[in-house]
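Asker: Sequence unavailable; structure follows:
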């Protein structure tokens, strides 16, 4: 199975390939997307999916069987993947060294857009959003703390990668969710006390649906900071290995350490602190040349 360092390095490079030349006024990714007429969520999602699949040599794959994919989706939504924490490839007879990408694991109308399933680890969630302006539309959902967001802004002609905390503070989130709960309570009360009492053959009711609106544009000066913080969060909090595999992970790390003098690749066993000091602007841009 993949070690934590390997998982981090692969995911870091995949995100970087999506983000591309972020230090330039117009990134290569943006040039690609704006060449498509009427950029929308669907073709932005396709762009992200292709970037994931193109990375490495058969490292990122779709689940090969439709029946197995349906089983995974069912288990995920019924909290059978250890309450959406640890993924066990062996249960589905899948390769333990492959990162499996699943689209719309909770259905097409519910986030996340992409789920990266890695044997022994918590699922990594990615959500794609796009807008012709400088802010995304959230509609019925607020940003999820466990999700990495990828937003293509037509107004900026840039891609933003960020976390929920970059755009939504805890206090505001509590207020917005509480407001919706109060609206539902009011609707239920009116329904019970008035609508149900109407003596009609064809009854009507009212379904409260939230509409969350982001009222500010993204700060373009923060775009590189967002990316670095995503990497930090990914390394320190998102890549969580099941306790069942901790000893195995340590064994692999110790073996890698003995061979570190012979390995000059990104996957060497340098100190953990080295990963914290990564200069995002120096990450290799040409993902097709990475040797796994």
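Answerer: Yes, it's here. Note that the structure is predicted; figures quoted are calculated from it, not measured. Numbers count the residues shown, from 1 in each chain.
Asker: ok, the residue most central in space within the chain to residue 148 distance?
Answerer: Centroid-nearest residue in the chain, with Cα atoms, centre = their mean: residue 126, separated by 1.6 Å. Using Cβ to Cβ, to the nearest Å, one gets 5 Å for the distance from residue 126 to residue 148. Using the backbone N, CA and C atoms, a C-beta is placed for each residue, glycine as well.
Asker: next one: residue 6
Answerer: Taken as Cβ to Cβ, the span from residue 6 to residue 148 is 18 Å.
Asker: Equivalent analysis for residue 182, please.
Answerer: To residue 148, residue 182 is 31 Å away according to Cβ to Cβ.
Asker: okay, those two: which has more neighbours?
Answerer: Taking other Cβ atoms under 10 Å, residue 182 and residue 148 do not tie; residue 148 has more neighbours (22 against 10).
Asker: hang on, the more buried one in a helix?
Answerer: No. Looking at residue 148 with DSSP: H, G, I helix; E, B strand; the rest coil, it is strand, so not inside a helix.
Asker: That one: what's it in contact with?
Answerer: 15, 124-127, 161-163, 230, 234, 238 (Cβ atoms under 8 Å, 6 or more residues apart in numbering).
Asker: Likewise for residue 103?
Answerer: 45, 49, 113-114.
Asker: could I get the contacts of residue 148 as JSON lines with distance to residue 177?
Answerer: JSON lines is the format used below for the contacts of residue 148 (distance: Cβ to Cβ, whole Å):
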{"residue": "15", "distance to residue 177": "29"}
{"residue": "124", "distance to residue 177": "24"}
{"residue": "125", "distance to residue 177": "19"}
{"residue": "126", "distance to residue 177": "23"}
{"residue": "127", "distance to residue 177": "18"}
{"residue": "161", "distance to residue 177": "25"}
{"residue": "162", "distance to residue 177": "20"}
{"residue": "163", "distance to residue 177": "18"}
{"residue": "230", "distance to residue 177": "24"}
{"residue": "234", "distance to residue 177": "26"}
{"residue": "238", "distance to residue 177": "23"}
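Asker: out of those, which one sits closest to residue 222?
Answerer: residue 162 (8.4 Å; Cβ to Cβ).
Asker: Phi first, then psi, for the closest one.
Answerer: Main-chain dihedrals, residue 162, degrees, to the nearest 10: phi -150, psi 170.
Asker: wait, it sits on residue 226?
Answerer: Yes. Judged on Cβ atoms under 8 Å, residue 162 makes contact with residue 226 at a distance of 4.3 Å.
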